[in-house]
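# starting from these lines, generate the structure:
(chains A, B and C)
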Amino acid sequence: MRPSLAALGTTAAAALVLAVLPFGLSGYHQALAAQVATFFISILGLNILTGYTGQISIGHGAFMAIGGYTTAVLSRDHHTDLVVTMAAAFFLCFLCGLLVGLPALRLSGVYLALATFALAVSVPQIPLKFSSYLGGSGGVQSAKTVSHLWLYAVSWSAAAVMFAVAWLVLRGRTGRAFRAIRDSEVAATSSGVALPVYKTLAFGISAAFAGVAGSLFVIGTNGFAQPSEFGVLLSLQILIGAAVAGLGSLWGVIVGAAFVGLLPTISSDVPVIGSSHGQDVVFGVIVIAVMLLLPTGFAGLLHRLARSRARA
Amino acid sequence: MGRKGRFLIVVAGLVLAAVSATAAFGAHSSDPGITKTSIHIGGTFPLTGVASAYKTIPAAETAYFAYVNDHGGVNGRKIDFTVVDDGYNPAQTVPAVQKLVEQDKVFALMGDLGTAPGLATWGYANAHKVPQVFLATGDSFWGFCAHKSCQGSPKPYTIGWQPDYPSEGRLYGRYIAQNMPNAKIGIIFQNDAFGKNYITGLKQGLGAKKSLIVDQEGFNATDTTVTQQILALKAKGADTLFIVATPGQAIASLVTATKIGWSPTTFLANVSNIRPFLLAAAKAGANLDGLISSGYVAPMNDPNNAGNKLGKSIIGQYAPTLSADYELGDSNLMYGLGVAWTFVYALQHAGKNPTRASLEQALHSMNTGGNPFVYPGIKIQTSATDNFPIEQLIMNKWSGGPGGAMQPLGKLQNTGR
Amino acid sequence: MVDLARRLPIRQQRLPASPVILLLAAACIFLVVGCLQSSIFAQQTVAGLATGVVYGSLALALVLIYRATEVINFAQGEMAMACVYIAYQLIQWGFSYWAAFFVTLPIAFLLGMAIEATLIRPVQHRSVIAVVIVTVGLFILIDGLVAWKWGADIKFMPSPFGNRIYHVGSVAIARQDIGTIIITLFTVVLLWALFRFTKLGLGMRAAALRPAAASLAGVRVDWMLAVGWGLAALLGAVAGLMAEPSQFVLQPTLMQPILLYGFAAAVLGGLESPAGAVIGGVAIGIFLNLVGQYVHFVTSELRQPFAFAVLLAVLLVKPTGLFGRRRIRKV
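Numbering: from 1, shown residues only, chains lettered A, B, ... in the order given. This is a model prediction of the structure:
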């Protein structure tokens, strides 16, 4: 994965746009753009796991929940700086990801899908059980709330850092091992890739990304963490974002993130489909259409366009 | 009077004029969402999802505002009410409220439904000094936290409307302690803050008789069957059942109890005391006679009640699709009318040119017995130290079999605190 | 038919391994003794059985699809829910409950076939991930369509079995529960017979197990897979129509908890075993009720996590479930 000049240029341009953007946006739109960054990070994480290593997860909302509660609880009890809590969420979720990754070694395909789905359903129940510490249905309120500009700046900075991390991980030995596992586990093993190590590692890294996203998600929800924010739908949204982005490529992620982050808001202003049911319909139709018509997602489309231009 | 005195009077007069000019100017330049002819407010409601049974509330509120607008509005201002769906998910409530405040520039938030959505947004509303008026939830936070520091700061801009859940629980507790000293109480409750609030109140009301509670069984908000819990309560020998549930599970509890051949004296939390749902429970086999609950809105089965007559005509004219629900006795409609009436009342008492601050003041000095949509005799009262608008309840009891209705049980009671 | 059977190497379903049989026998004895000892135990068991058969029949629908196309259909529950709304609409138009019931089933069948042919087939051979994402999209789409057409608020349907209650000793059994159990099991047996004794069933099994050989023998494999989806949708519709009266209300979330338990049941039974799915569903229904009654740590918040902990444990200890056969992974 040697960065081409074009890729570097695109990245720089994107960074520039994102840096200038908040000055042209209202506070509300800054918050909305921050939400896109949140999805960006979580989709990036899922892409490392599903797109690059070939392990499906329908449970990334669970890791977001863990990250989000880490932030809220640390802030509530220790007044920890919010950026520090994001780092804490990263490491805690990395560990949780490793823990989930270990049993996941024995599972693949639909079994892994079901097991991770179980995770998505079960984890949000835990704060309800341990309500004295985790707030139950009353939720946990962070000690600090932030301005829209802070949220925007920190979210996109975090997104940039995570993107760099993903890129570094994927371009080196680890990334090659991941892709080898995705393409053929048997071939990977026979060429010396330690399957259990790398498969578990992929889960850990991916979960850590989701943890950071969850942390930002809670900060963006006025610092309030509550179980119903992390429903199954959140996990499905991340998966759908990854599919729209295109599995196995980093360049489409921004489109996937914008899709799941902005569609509900945009479509709520369109008559007829303005109701949230209408949104669901649009959401479902687009997901299915992308899977049927653009099997490699938006990244694949870009790739094909780039190739056809190069040929011309 | 000497020259000096006259000079002082002139100065004082000038200062006074300047102050009042500033005040007037302040009032004019003041807050977003309000002009000479209009006032824009908004609210978040679960139009979809698990709690969508309550979606008739904002519909009734919209109808009442339309009625008020057709009768000249409030001090010449028409009320423009934006209803936003949050699916009962706090993660959706937050952006929805931000959009209302920052994009739509509403003057106030009105009627936001649900405890968790309220908790997710009250910090924001108070930080921006946007009145968050009459949250549709009976949690006691909204009353206590106007002065007390909750989650880091007092929340004077937030206020509820209905009697809080512990108050209602206390009422049933006192009733049981007085009238059923040998009861064996089994509780089935939604296992969250809503359910636990009721149990706290019930225990307070029972006082020394707390030991009458023989068992309590929880269920999740997303559970669809409650058979296991009902069976367990019966097995513990309970002869009195207290159902703390939203309509779906309340119906399931009532029907299941009958289906396993159990006929305890049943108390039902009034969030589910909504006649169309009870009728459906009866149709599915539940025996409702003797079911005890409570209420605070005008009786919809009393043809002579003024609020009922007015409500019927307003719904008939401004929300005709809901007339059938009204006929069935959907008390959510009456609830919405009552809330909207109270909002208009508060707005009228917030001065000729209301500001967010003057509305907040008005909300903390309400005193009226004039709301036609609440039970006759209920006073809506708040003060600098009391942020609970309604603190009276009328108990009621079902009679008339499967097609029957709730009838008042005793007199209007103060819930006490 | 005999000819086809001889040419295709289709093994009949073998009996499960003997430890599993022993385990089941032990469980049955435990339940019977428990029921005789304590009426609350009996009451919880009967209630668990009635909810369990519904989990089981949805699990069976999942298994049918898994056997036909090796995918898990995340939209199975929502397809069933949509069928219940179709029945609801028919009843609104004046159909009796049972007329609506029997009109809905062929609609469900066609719906299932159409979904397979238009949405699943194009992505079928790409990857498991692609198919899963399509079914997830379908889940959201159906949810939105139903709520759009009928609204998300609570609706009511007439009760199919009436409200009578029978008493056996001190145990009360609702006619509703008996009806649910009978209808569900009857459907399952009918499907089993279809697979076992008809040419269509044989063709379907052949298409699922040995697609290449089957198509050489003249079986239209694509067609057979679509029929498999259709039957699964039909079975799901029965599960939905039986689930609705036990919840007393109809809302778009009707099947979501049932789908979760259906997953658990299907995995417990081994994903490939129809009998395993049904037994798994019943086991989970009864088990959860008894745990709720006797294990006090498992309060309501922990019911689903607990069910899934069991699912995960089964997956780890015996990935093929109780009745599944080990598959040899081909390189």
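
# need the residues of the stretch 51-200 of chain C near chain B, please.
C:51, C:147, C:151-154, C:156, C:158-159, C:163, C:165, C:167, C:172, C:174, C:176 (Cβ under 8 Å from any Cβ of the partner chain). Any C-beta I mention is one placed from the backbone N, CA and C, and that applies to glycine too.

# if we go to 10 Å?
C:51, C:54, C:143-144, C:147-148, C:151-159, C:162-167, C:170-177 (Cβ under 10 Å from any Cβ of the partner chain).

# ok, the stretch 1-150 of chain A next?
So far as Cβ under 10 Å from any Cβ goes, the stretch 1-150 of chain A lies against chain B at A:26-32, A:35, A:68, A:76, A:121, A:125, A:128-129, A:131, A:135-145, A:148.

# for ChimeraX, what selects the buried ones among the residues you listed?
This is how ChimeraX selects the buried members of the residues of the stretch 1-150 of chain A next to chain B, with burial counted by 16 or more other Cβ atoms under 10 Å in any protein chain shown:
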select /A:27,28,29,30,31,32,35,68,76,121,125,128,129,131,135,136,137,138,139,140,141,142,143,145,148
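
# quick one: low-confidence ranges for chain A?
Filtered on pLDDT under 70, chain A yields the residue ranges A:1-4, A:267-277, A:310-312.

# now the strands: where do they sit in it?
For chain A, strands defined by DSSP state E occupy the ranges A:140-141, A:224-225.

# could I get the ones you listed as a markdown table with distance to B:Gln228?
Compiled in a markdown table, the strands of chain A are given as follows (distance: least, Cβ to Cβ, whole Å):
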| stretch | distance to B:Gln228 |
| --- | --- |
| strand A:140-141 | 30 |
| strand A:224-225 | 30 |
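
# what's the closest of those strands to B:Asn414?
Closest of the strands of chain A to B:Asn414 is strand A:140-141, at 32.3 Å (criterion: Cβ to Cβ).

# by contact count, what packs against the closest one?
On a contact count with 3 or more Cβ pairs under 10 Å, 6 or more residues apart in numbering or on different chains; DSSP states H and E, strand A:140-141 meets helix A:60-78, strand A:224-225, helix B:115-127.

# so what strands line up beside that strand?
Here strand A:140-141 has these sheet partners by DSSP bridges: strand A:224-225 (antiparallel).

# does B:Ala183 count as helix, strand or coil?
coil (DSSP: H, G, I helix; E, B strand; the rest coil).

# okay but it is in contact with B:Leu206, surely?
Yes - the criterion here is Cβ atoms under 10 Å, and B:Ala183 meets it with B:Leu206 at 9.5 Å.

# could you find the closest non-adjacent residue to the residue in the stretch 51-200 of chain A positioned nearest to chain B?
Closest to chain B within the stretch 51-200 of chain A is A:Ser137: 3.3 Å, counting by Cβ to the nearest Cβ. Excluding its sequence neighbours, the residue lying closest to A:Ser137 (Cβ to Cβ, 6 or more residues apart in numbering or on different chains) is B:Asp192, at 3.3 Å.
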